[in-house]
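K.L.:
only geometry, no sequence info:
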Ligand SMILES: NC(=O)c1ccc[n+]([C@@H]2O[C@H](COP(=O)([O-])OP(=O)(O)OC[C@H]3O[C@@H](n4cnc5c(N)ncnc54)[C@H](O)[C@@H]3O)[C@@H](O)[C@H]2O)c1
Ligand SMILES: [Zn+2]
C-alpha cells in the first residue's frame, strides 16, 4: 500500500505518493493527471545512470515522447548558466505548453527543474520524483523552486507547485549514508516542531530508520510530508506559520555560510543549529531541560557531530543577520515550548546565542 498525502491548495492541490517500488508504476500514476504527451526528464549525473533509463523506458512504453536532460551533480547546477542551457535544450526538443518537466533527483534537481518548469513557456506542468530523503520530506513538497546567484542561495525563484510527487523509497538504497543522515536531521525537526508522537517514534525506531527499513521509512516519510503539507496549505507563501519549518536553521544557515558551503551538508549544519535552538528554547520558551537533552540525544544517536565549527562568533552573527530570512537585520529564532510545539521569537539576544554555542563547544 502506498501512503498518499494530499496537499490542499485549492486548484493547485496535489498528492504525494510514497512507497517502495513506485518508479515502475509512474505511467499509471501520471495518466489520471492528463498531462501532455511530451516529457522532459531533468536529472543529475549521479542519479541518471541509476534510474533515468527505467523511468524513460516506462514512460516511452506508455506512449510518451521523452527527452532526458542531465546536469552535473551538486549545488553548482542550481545556476543561471545551467538553467540557460536547459531552456535551450527544451526548445531544441520542441517542448510545447502541454509538455511537462519531471524532476528525477534530489533537492538540487527538484529546485532547478521546478524553476525551469515555472518559467519555460511561462509555465509547464511539473512532476517531482525525489530520490534523496531530504527531497522526499522537504524540498519536493511545498512549491518553493529556485536557483542560486553568486551573491547567495535561492535568490531567484518562484512558488510553483508540482502536479504530483512520487517518492519511491527504494531509490534511497543507493543514497550515500551521509546524505541519508542529513535528511534525518529534517525528519527529527518535524518531530520537534509539530509532533511529539513522531519524535517518540523516532526515539524508538531510529535504528530501523537508519537501516532504511521499508516500513519505517514509508511511515516516517509520510508523516513528515503530512506535516509539511499541513503547514504549507495554511501558509503557501511564507507569511507566517511556514516559518516554523526553520527550527534550527538560523544558526544552521549561518554555519553553512561561514564555512562557505564546503564543510557541512545542510542537515549536518541544522543538527548543530537545532541543539542551539533547543538550548535557547529552554531560556526563552520554557522547554524543559529533559527535552533539550532528548533532542540532543536523538541527534547524537543519528550520528551527528554536534560541536559547532571553530569559527569566530562575530562571523556567525554577521551571517545570521544577513540571512535573507532575518527581518531587517534582526535575529529571529524558532523556539520550542515543548517537543511538538514551537513559536517564532525576536527575544533572543547576541549574548544568549554566544552562551549556547559556547556550551556546545566545551
Ligand atoms: N524547495 C525547498 O523547499 C527546499 C527545501 C530544502 C532544501 N532545498 C534545496 O535542496 C537542495 C539539497 O537537496 P539534496 O540534499 O537532496 O541534495 P542533492 O540534490 O545535491 O543530492 C545529494 C547528492 O545525492 C545524489 N543522489 C540523489 N539521489 C540519489 C540516489 N537515490 N542514490 C545515490 N545518489 C543520489 C545527488 O547526485 C547528490 O550528489 C539544496 O539546493 C536546497 O537549497 C529546497
Ligand atoms: Zn532545512
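P.N.:
In hand now; what should we look at? Bear in mind that the values here come from a model prediction, so they are computed numbers and not experimental data. Ligands and ions are numbered 1, 2, ... in the order given.
K.L.:
which parts of the stretch 1-150 of the chain sit against ligand 1?
P.N.:
When proximity is defined by C-beta under 6 Å from any ligand atom, the stretch 1-150 of the chain lies next to ligand 1 at 44, 46-47, 73-75, 78, 105-109, 111, 131-132, 134-135, 138-139, 142, 144. Any C-beta I mention is one placed from the backbone N, CA and C, and that applies to glycine too.
K.L.:
List only buried entries from those.
P.N.:
A residue is treated as buried here by neighbour count (16 or more other C-beta atoms under 10 Å); on that basis the buried members of those are 44, 46-47, 73, 78, 105-109, 111, 131-132, 134-135, 138-139, 142, 144.
K.L.:
returning to that earlier point: list the ones among the residues of the stretch 1-150 of the chain next to ligand 1 that fall in strands.
P.N.:
With strands taken from DSSP state E, the overlap with those comprises 44, 105, 144.
K.L.:
For the helix ranked longest in the chain, what does the pLDDT average out to?
P.N.:
What stands out as the longest helix in the chain, according to DSSP state H, is helix 214-234. Predicted confidence along helix 214-234 averages 96 (mean pLDDT).
K.L.:
cool, stretch 316-328 as well?
P.N.:
Confidence for stretch 316-328, expressed as mean pLDDT, is 82.
K.L.:
Next: stretch 334-344.
P.N.:
97.
K.L.:
Can you give me the buried ones in that stretch?
P.N.:
Within stretch 334-344, the residues that qualify as buried by neighbour count (16+ other C-beta under 10 Å) are 334, 335, 336, 339, 340, 342, 344.
K.L.:
what are the phi and psi angles of residue 7?
P.N.:
Dihedral angles of residue 7 (phi, psi; degrees, to the nearest 10) stand at phi -100, psi 110.
K.L.:
And it, how close does it get to residue 19?
P.N.:
Relative to residue 19, residue 7 is positioned 17 Å away (C-beta to C-beta, to the nearest Å).
K.L.:
Once you drop chain neighbours, what's closest to residue 23?
P.N.:
Leaving out its chain neighbours, the residue that sits closest to residue 23 by C-beta to C-beta, 6 or more residues apart in numbering is residue 168, at 4.5 Å.
K.L.:
can you check residue 152 too?
P.N.:
Using C-beta to C-beta, 6+ apart and skipping the chain neighbours, the partner closest in space to residue 152 is residue 324 (6.7 Å).
K.L.:
That neighbour: neighbour count?
P.N.:
Using other C-beta atoms under 10 Å as the criterion, residue 324 is surrounded by 9 other residues.
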